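In: Show me the folded form of this:
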Amino acid sequence: MRPYVRKVQYYETDKMGVTHHANYIHWMEEARIDFMEQLGFPYERMEAEGVYSPVRSLNCEYRRPCTFGDTVTVYVSTEEVRGAKLTIRYEMKNAEGELLCTARSEHAFLDREGRIVRIKRELPAFCAALERAAKEGADG
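Out: Predicted coordinates for the structure are as follows:
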């Protein structure tokens with residue numbers, strides 16, 4: 001899978017010129033959306049099928065700061081697909097390849113009424129694409 005690349009914008013920095021920590025979470029969201037599009041399952045498609053994927057938990061470990069104009073590459077990989085749960089891993093690196101942040105997000109799958117959706121049963125093609133991506137990531 002192709003990583004997600006973006007430049008740090010001025011408005012994303014604080015008074016010290018360092019990227020505010022909350023922006024890394026926004027970048028994770030952008031990268032996850034891109035990842036799903038690459039899998040062939042954009043969020044719009046999933047929601048059109050009546051399935052929603054809220055975040056259950058999020059964990060970030062900040063390693064090194066970045067500043068305005070830096071290029072950040074976000075590598076997204078599938079860590080686990082189980083029942084109604086998806087765990088995604090992120091690594092963010094600068095243009096020099098230095099690790100900026102590692103993170104994980106855990107997502108649930110729900111229908112329009114808020115009931116749990118087991119993705120292997122309800123979205124088998126999506127689940128298969130996630131598992132393929134996980135295997136490619138492990139092999140690559």
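
In: Please point out which parts of the lengthiest strand in the chain sit buried.
Out: Among all segments of the chain classified by DSSP state E, the strand with the greatest residue count is strand 71-82. Judged by neighbour count (16 or more other CB atoms under 10 Å), strand 71-82 contains these buried residues: 72-78, 81. Where C-beta positions appear, they are placed from N, C-alpha and C, glycine not excepted.

In: Tell me who's in contact with the most centrally placed residue in the chain.
Out: The centroid of the chain falls nearest to residue 32 when counting by CA atoms, centre = their mean (3.1 Å). Contact criterion CB atoms under 8 Å, 6 or more residues apart in numbering gives 76, 88, 105 as the residues in contact with residue 32.

In: can you check residue 40 too?
Out: Contacts of residue 40 were listed using CB under 8 Å, 6+ apart, and they are residue 129.

In: from the buried residues of strand 71-82, which has minimum pLDDT?
Out: Lowest model confidence among the buried residues of strand 71-82 falls on residue 81, which carries 88.

In: any idea how far residue 123 is from that residue?
Out: According to CB to CB, to the nearest Å, residue 81 and residue 123 sit 11 Å apart.

In: Ok, residue 100 next?
Out: Using CB to CB, residue 100 is found at 32 Å from residue 123.

In: Check residue 42 too.
Out: Using CB to CB, we find residue 42 at a distance of 13 Å from residue 123.

In: So between those two, which is more surrounded?
Out: Just comparing residue 42 and residue 123: by other CB atoms under 10 Å the higher neighbour count belongs to residue 123, 19 against 14.

In: close enough to count as contact, that one and residue 46?
Out: Yes. Using CB atoms under 8 Å, residue 123 and residue 46 qualify as a contacting pair, with a distance of 7.1 Å.

In: still on that earlier bit, what's the spacing between the residue nearest to the centre of the chain and residue 115?
Out: Distance from residue 32 to residue 115, counting by CB to CB: 23 Å.

In: Then residue 10?
Out: From residue 10 over to residue 115 the distance is 43 Å, taken as CB to CB.
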